[in-house]
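Enquirer: sequence? don't have it. structure:
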């Protein structure tokens, strides 16, 4: 019978990590060494995992020497439905574990500014916690949603004190507290202003409380849709993100929403599909015209830096450079660019994946990671994703954190795949 070991047991396993079945010396907290005897297990479990803290750590401890933090896969559960829920921990880019796997998601701060017509980001992470619900709904995740914000380098942290991160902008993040109040935090974790639950000056806010689409970032303002009039026009309010002041019409210094020109943004520029050509305009200057390698009326294009991915409906996917040179072609791979940060533009790799139901009615996933030229880098038996210049991978036996060449920085045995009783 296969059993999963919950995060506490996983933490103990990490503290006793080793490579191979023979007794090994493994770095522990503060350089301590711990011996592990994997030969007692029926299935050897090669491990590569350093820990900053010896004890199980479910809360980020702020420090000034982490460097940029990245998430890693560290646990999973089938708490509801056929799809697995993967849990994330935080680690340094070098693979040192900073927190155990207690998060449902870890996302970089990012938003779209309608005045600038561009995606923007801040050096902060949004952490969604994975506290089990006492009585979850039938189709719920089984977890109570709690949110916290931390610096990208872990130097400050709010704690998981919010019910929701409603929206983000250049000034900071608008967060919902347990009391029903709303607070705006800047990207140092400091409070800029707040509204108590009884004094929220936005009309129909309750109906929009979890709809970030109700707020539109526009420079120093949030444009809030309070409702629609009898003719279907938006009823708007404007929130000054610097002070929390609310206006019923556009303030004098409101820059105005940039009218759409048909172009789409990618981190570092914009592109426009027109006349069988994709026109790419990097923010750094210049223009590139890439001819669609096929029927332009049956194609969707995406851009990442100096690469263009063409996806033909019912047909192949083609990767080119900005000169239009074909680099790779896939007939049936469901390829997409990975990685998407606005404040740090690491080269986005390409990932293709699929899923299928196993004999137990659960969904199993598989992925293939390709380099920027479309050459296969590695396969995984589970999900794979990119965060900054690191890859998060779930394969048949391990959770892995690698560099963009696929070299392991962290490797944790996937206990759910080991066929021995949990009490052993």
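Expert: Perfect, thanks for sending it. Computed from a predicted structure; not experimentally measured.
Enquirer: for the residue sitting nearest the centre point of the chain, give me its contacts.
Expert: With distances taken as Cα atoms, centre = their mean, the chain has residue 107 as the residue nearest its mean C-alpha position (3.6 Å). Residue 107 is in contact with 125-126, 128, counting by Cβ atoms under 8 Å, 6 or more residues apart in numbering. (C-beta placed from N, C-alpha, C; glycine too.)
Enquirer: quickly list what it is bridged to.
Expert: On the basis of DSSP bridges, residue 107 is bridged to residue 126.
Enquirer: that one and residue 124: what is the separation?
Expert: 10 Å (Cβ to Cβ, to the nearest Å).
Enquirer: likewise for residue 278?
Expert: Applying Cβ to Cβ to residue 278 and residue 124 gives a distance of 32 Å.
Enquirer: which one's more surrounded, these two?
Expert: Neighbour comparison, residue 278 and residue 124: the larger count goes to residue 124, with 26 against 23 (by other Cβ atoms under 10 Å).
Enquirer: residue 191 bridge partners, please.
Expert: With DSSP bridges as the rule, residue 191 is bridged to residue 185.
Enquirer: with residue 280 instead?
Expert: Beta-bridge partners of residue 280, as defined by DSSP bridges: residue 271, residue 288.
Enquirer: hmm, back to that, and the buried ones among the contacts of residue 107, selectable in ChimeraX?
Expert: Buried residues among these (16 or more other Cβ atoms under 10 Å), as a ChimeraX selection:
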select :125,126,128
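Enquirer: so where is the stretch 51-200 of the chain shaky, pLDDT-wise?
Expert: Under the criterion pLDDT under 70, the flagged ranges of the stretch 51-200 of the chain are 78-81, 130-143.
Enquirer: hmm, residue 301 and residue 308 touching each other?
Expert: Yes: with contacts counted by Cβ atoms under 8 Å, residue 308 reaches residue 301, the gap being 6.0 Å.
Enquirer: in stretch 268-287, which residues are buried?
Expert: The neighbour-count check on stretch 268-287 (16+ other Cβ under 10 Å) flags 268-271, 273, 277-278, 280, 282 as buried.
Enquirer: dump the residue contacts of residue 374.
Expert: Applying Cβ under 8 Å, 6+ apart, the residues near residue 374 are 319, 327-330, 350.
Enquirer: on the three-state scheme, residue 297 is what?
Expert: Per DSSP: H, G, I helix; E, B strand; the rest coil, the secondary structure class of residue 297 is helix.
Enquirer: neighbours of it, how many?
Expert: Neighbours around residue 297, by other Cβ under 10 Å: 8.
Enquirer: thanks again, I'm all set now.
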